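Visitor: here are the coordinates; sequence isn't available:
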């Protein structure tokens, strides 16, 4: 059961919103001196009405002047319902309509109507206004709103209004714990001995004292020192309450109206957002659509100027709904499905609104086409559908769990509730479940295999003499995002026998190095020739020229000789020589014999035993050191006796 209700009073200027709140609660929400002097509401006002059973109704009084609609929108952010105030002596006026449109664009679907100043009109006029208002509400989609006739000065109808508010409180279900905690900041101030205080309407799961929070979009970190709800200190703030947070770690001058206080990592910040817009009929009377247009963008308690670009070709006439790209001069923080309102720059008038879809990030034409295809039926999608499509939109890049948290703003429990059926059905794949850190679609994993297989197949075609492709190079060519998840996928492919990995080289399981008969004959002749020159071998430049004559890639031939033909490479004054591996093993055995009794050899020992020149002796000893058969201390080359160590390359 709900413990409270936050309701915004909307309506035209001088229709009695502030007077009605003062009559219901005893609190004058016009607290500024200028408001009292001019007799009109300029800033947001707040007043609680506490019921005998401990529940409450919190009123948000907003300005009714047409130039202060931006303040009205800030006050309507996150509320549960609307109390639409209409004066009986004037009826529905321009700001009545605009305020109602704003509330509907923000997703407010419940409320009631207070027909005020009934003491100023006779019964016939009052009946006519009630009928007119009822017809307008029905056309507007609020035909279920009760109309309560009241006079704040005489007290007429106030008991019925109070009971209707209680009935509304009883009827509305408690908000489900979907969203992580956040507040759209509509006031910032400092109190002596207290410090920074921000106020707003609480959304999501509760904030608690001593909880660490982040101020978006500034990415400031703070700690909640204390919480007040309706001027009373509480250990936690529950959804729907008008809440004041005393923040430690930030100065009040660093914060402004329009900031968000939220759980860390639960909002996304970007200078451009894709959004789904529903246009009001009034937009057609403003101007024709063009490729780029500027609007006032109202989201939460923030107001920005946005440049609007159509996703796709600009329409000739205003569509009822559209997917657009909104670009801002400063970063904007938000979550998917956040409501916003668009107002024209001049004259200022609400002409549309909608929901945030996703941050633009790094925009490309290809990705924008994909965005248009994925979100073409946005309003008809369920939360689970949107999650799956958002993950699918990231293709092989996949998406980190932290990015899902920031995009949705949901609690981990909510994310798992929507994702678990998709994972269990095999449509989504995670690195581990339910404690996932990375998630993608099964379709993306299959696409990854198709790409990975194609890369290896093309590599084998280009390099038929190579036993495989370096794993790191292979992964870079088909996997756009490095994540341990893909290591697990590769391990699965190896386990299933799709690919084979030998050290840091991978190949398709069915691939083998098979030489054509003529090439096999030429390689065998080359191998015999190398064996005939055991210690000096053949110079690589000469072998490279012969490879070109055979129509073989020289580097491929070199790798094949080293991997499959028992050939090693030795550096002699910067020139590679191809030598026989069997002879290299004989050389190692010679070193071990020469080192018997003292564990080391010298250049002179080897030179004398083999009759080589000093240059060749040094070259072979350096080769032995690279193979880790020896290590050098001064002029002495100590021989490692480690059994039959395999010769490396």
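Guide: Okay, I see it. As the structure is a prediction and not an experimental result, all values here were calculated from the model. Residues are numbered from 1 along each chain as shown.
Visitor: what values do phi and psi take at residue 295?
Guide: Backbone torsions of residue 295, given as degrees, to the nearest 10, read phi -140, psi 160.
Visitor: which ones are touching it?
Guide: Going by CB atoms under 8 Å, 6 or more residues apart in numbering, residue 295 touches 305, 306, 308, 342, 343, 344, 345, 351, 352. Heads up, the C-betas are built off the backbone N, CA and C, glycines and all.
Visitor: try it again at 6 Å.
Guide: By CB atoms under 6 Å, 6 or more residues apart in numbering, the contact set of residue 295 is 306, 308, 342.
Visitor: so can I have CSV of the residues you listed showing pLDDT and neighbour count?
Guide: What follows is the contacts of residue 295, written out as CSV (pLDDT from 0 to 100; neighbours: other CB atoms under 10 Å):
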residue, pLDDT, neighbour count
306, 97, 24
308, 97, 21
342, 96, 26
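Visitor: taking these one by one, which sit in strands?
Guide: Mapping these onto strands (DSSP state E) picks out 306, 308, 342.
Visitor: pull the distance from the longest helix along the chain to the chain's centre.
Guide: As assigned by DSSP state H, the longest helix anywhere in the chain is helix 442-462. Offset of helix 442-462 from its chain centre (CA atoms, centre = their mean, to the nearest Å): 28 Å.
Visitor: packing partners for it?
Guide: Contact here means 3 or more CB pairs under 6 Å, 6 or more residues apart in numbering; DSSP states H and E; on that basis helix 442-462 packs against helix 471-478.
Visitor: the same query, at a cut-off of 8 Å, please.
Guide: Where contact means 3 or more CB pairs under 8 Å, 6 or more residues apart in numbering; DSSP states H and E, helix 442-462 is packed against strand 428-430, strand 469-470, helix 471-478, helix 484-495, strand 505-508.
Visitor: quick one: contacts of the shortest one?
Guide: Put plainly, it is strand 469-470. Residues from elsewhere that reach strand 469-470, judged by CB under 8 Å, 6+ apart: 455, 456, 459, 460, 463, 504, 505, 506, 507.
Visitor: my read is that the first one contacts residue 477, right?
Guide: Yes: with contact defined as CB atoms under 8 Å, residue 455 counts as touching residue 477 (4.8 Å).
Visitor: would you mind telling me which of these two has more residues around it?
Guide: Ranked by neighbour count (other CB atoms under 10 Å), residue 455 and residue 477 place residue 455 first, with 19 against 16.
Visitor: CSV for the contacts of residue 295, including distance to residue 79?
Guide: Output for those, formatted as CSV (distance: CB to CB, whole Å):
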residue, distance to residue 79
306, 23
308, 26
342, 20
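Visitor: among those residues, which one sits closest to residue 116?
Guide: Taking CB to CB as the measure, residue 116 lies nearest residue 342 of the contacts of residue 295, at 30.0 Å.
Visitor: contacting residues around the nearest residue to residue 594 once chain neighbours are set aside?
Guide: Excluding the flanking residues, the one nearest residue 594 by CB to CB, 6 or more residues apart in numbering is residue 601, at 4.6 Å. By CB under 8 Å, 6+ apart, the contact list for residue 601 reads 591, 594, 595, 630, 636, 637, 639.
Visitor: closest to residue 85 among these?
Guide: Using CB to CB, residue 630 comes nearest to residue 85 of these, at 94.7 Å.
Visitor: specify the beta-bridge partners of that closest one.
Guide: With DSSP bridges as the criterion, residue 630 is bridged to residue 639.
Visitor: just checking, it touches residue 641?
Guide: No: counting by CB under 8 Å, residue 641 is not a contact partner of residue 630; they are 10.6 Å apart.
Visitor: higher neighbour count, those two?
Guide: Neighbour totals were compared for residue 630 and residue 641, and residue 630 leads with 21 against 12 (other CB under 10 Å).
Visitor: next, find the distance separating the spatially most central residue of the chain from residue 220.
Guide: Centroid-nearest residue in the chain, with CA atoms, centre = their mean: residue 403, separated by 3.7 Å. Separation of residue 403 from residue 220 (CB to CB, to the nearest Å): 21 Å.
Visitor: all strands of the stretch 451-600 of the chain, in order?
Guide: For the stretch 451-600 of the chain, the strands defined by DSSP state E, counting those that start in this stretch occupy 469-470, 499-502, 505-508, 538-539, 567-572, 575-580, 600-601.
Visitor: weakest of those strands by average pLDDT?
Guide: For those, mean pLDDT drops lowest on strand 567-572, to a mean of 81.
Visitor: quick check: which element contains residue 366?
Guide: Using DSSP states H and E, residue 366 maps to helix 365-374.
Visitor: contact partners of that helix?
Guide: Residues from elsewhere that reach helix 365-374 (CB under 8 Å, 6+ apart): 274, 311, 312, 323, 325, 357, 358, 389, 390, 392, 393.
Visitor: what about 10 Å?
Guide: Here helix 365-374 makes contact (CB atoms under 10 Å, 6 or more residues apart in numbering) with 274, 309-312, 323, 325, 357-358, 360-361, 363-364, 381, 386, 389-390, 392-395.
Visitor: filter those residues to the buried ones?
Guide: Taking 16 or more other CB atoms under 10 Å as the criterion, what is buried in those is 274, 309-311, 323, 325, 357-358, 360, 386, 389-390, 392-395.
Visitor: those in helices, which ones?
Guide: Of the positions in the buried ones among the contacts of helix 365-374, 386, 389, 390, 392, 393 sit in helices, assigned by DSSP H.
Visitor: circling back: between residue 630 and residue 641, what contacts are shared?
Guide: With CB under 10 Å, 6+ apart, residue 630 and residue 641 have common neighbours 591, 595.
Visitor: most neighbours per residue, which of the helices and strands packed on helix 442-462?
Guide: Stretch with highest mean neighbour count among the helices and strands packed on helix 442-462: strand 428-430 (a mean of 22; mean count of other CB atoms under 10 Å).
Visitor: among the ones in strands among the contacts of residue 295, which one lies nearest to residue 213?
Guide: When the ones in strands among the contacts of residue 295 are compared for distance to residue 213 (CB to CB), residue 306 wins out at 26.6 Å.
Visitor: contact partners for the closest one?
Guide: Contacts of residue 306 (CB under 10 Å, 6+ apart): 272-273, 275, 293-299, 324-329, 332, 340, 342.
Visitor: can you check residue 41 too?
Guide: 9, 13-14, 17-18, 21, 29-30, 32, 35, 61-65, 68, 71-72.
Visitor: please name the nearest non-neighbouring residue to it.
Guide: Leaving aside its chain neighbours, residue 41 sits nearest to residue 63 (4.6 Å; criterion: CB to CB, 6+ apart).
Visitor: number of nearby residues for that neighbour?
Guide: Using other CB under 10 Å, residue 63 has 24 other residues around it.
Visitor: list the buried residues for the top strand by length along the chain?
Guide: Determined from DSSP E, the single longest strand within the chain is strand 321-334. By neighbour count on 16+ other CB under 10 Å, the buried set for strand 321-334 is 322, 323, 324, 325, 326, 327, 328, 331, 332, 333, 334.
Visitor: before we move on, what about stretch 214-234?
Guide: Result for stretch 214-234 [16+ other CB under 10 Å]: buried residues 214-218, 220, 222, 224-230, 234.
Visitor: can you name the two of those that are farthest apart?
Guide: 217 and 230 (28.7 Å).
Visitor: got any ranges where the stretch 501-649 of the chain has weak pLDDT?
Guide: Scanning the stretch 501-649 of the chain for pLDDT under 70 picks out 642-649.
Visitor: find the nearest non-adjacent residue to residue 641, please.
Guide: residue 592 (6.3 Å).
Visitor: verify the stated contact: that neighbour with residue 600.
Guide: No: using CB atoms under 10 Å, residue 592 is not in contact with residue 600, being 11.2 Å away.
Visitor: quickly list what's touching both of these two.
Guide: residue 639.
Visitor: ok, those two, which is more surrounded?
Guide: Counted by other CB under 10 Å, residue 592 and residue 600 do not tie: residue 600 has more neighbours, with 18 against 14.
Visitor: contacting residues for that one?
Guide: Listed by CB under 10 Å, 6+ apart, the contact set of residue 600 reads 591, 594, 630, 631, 632, 633, 634, 635, 636, 637, 638, 639.
Visitor: give me the buried subset of those.
Guide: The neighbour-count test (16+ other CB under 10 Å) applied to these identifies 591, 594, 630, 636, 637, 639 as buried.
Visitor: right, I'll call it a day here.
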